[in-house]
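Visitor: Can you look at this prediction? I've put the sequence above it.
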Amino acid sequence: MTVSTKTLTIAETFFQAEAHLEIDVKSSIPVTLLAIFNANKVSINQSCGGNGTCGTCRVEIVHNSDLIKAPSEYEIEAIQELGLKSLERLSCQTEINFTAKETNVVVKIVSEPID
Ligand code: FES
């Protein structure tokens, strides 16, 4: 999978579990937030390898949540089982809506930092 990244800048100081990331990505294929993080060497836990079962890759959508695709039934079940809060999503299951004109999204990593 090729991820064409226009910019991914860290908008605020990278506090352990308080990281805010501003993402502006162009891609011709659906791509998850976790794939964008990995392509840009953003450190985030992903214990289950992106299968949506561990909850360690959770993020909070801080800005432009309307540019994020709605969760799939699979992610909805995982969100309920893992007890995520209302604006939290699993970055391994969450895709940006690339059909929108604007693609700038700000997310906060809320999972525990990697030791
Ligand atoms: S990496 Fe495990 S739920 Fe996303």
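Guide: Here it is on my side, so go on. Numbering: from 1, shown residues only.
Visitor: is any part of the longest helix seen in the chain close to the ligand?
Guide: Of all the segments assigned as helix in the chain under DSSP state H, the longest by residue count is helix 73-82. No. Applying CB under 6 Å from any ligand atom, one finds helix 73-82 separated from the ligand by no less than 6.7 Å. C-beta coordinates here come from the backbone N, C-alpha and C atoms, glycine included.
Visitor: hey, where'd the strands end up in this structure?
Guide: Under the criterion DSSP state E, strands of the chain are mapped to 5-10, 19-25, 58-63, 88-90, 104-109.
Visitor: Who are the packing partners of the fourth one?
Guide: Going back to what we said before, that points to strand 88-90. Under the contact criterion of 3 or more CB pairs under 8 Å, 6 or more residues apart in numbering; DSSP states H and E, strand 88-90 touches strand 58-63, helix 73-82.
Visitor: Of the ones you listed, which stretch is the most buried?
Guide: strand 58-63 (a mean of 19; mean count of other CB atoms under 10 Å).
Visitor: Residues contacting that strand, please?
Guide: 20, 22, 33, 44, 68, 82, 84-85, 87-91, 94, 104-111 (CB atoms under 8 Å, 6 or more residues apart in numbering).
Visitor: Please list only the buried members of those residues.
Guide: Buried by 16 or more other CB atoms under 10 Å: 20, 22, 33, 44, 68, 84, 88-91, 94, 105-111, out of the contacts of strand 58-63.
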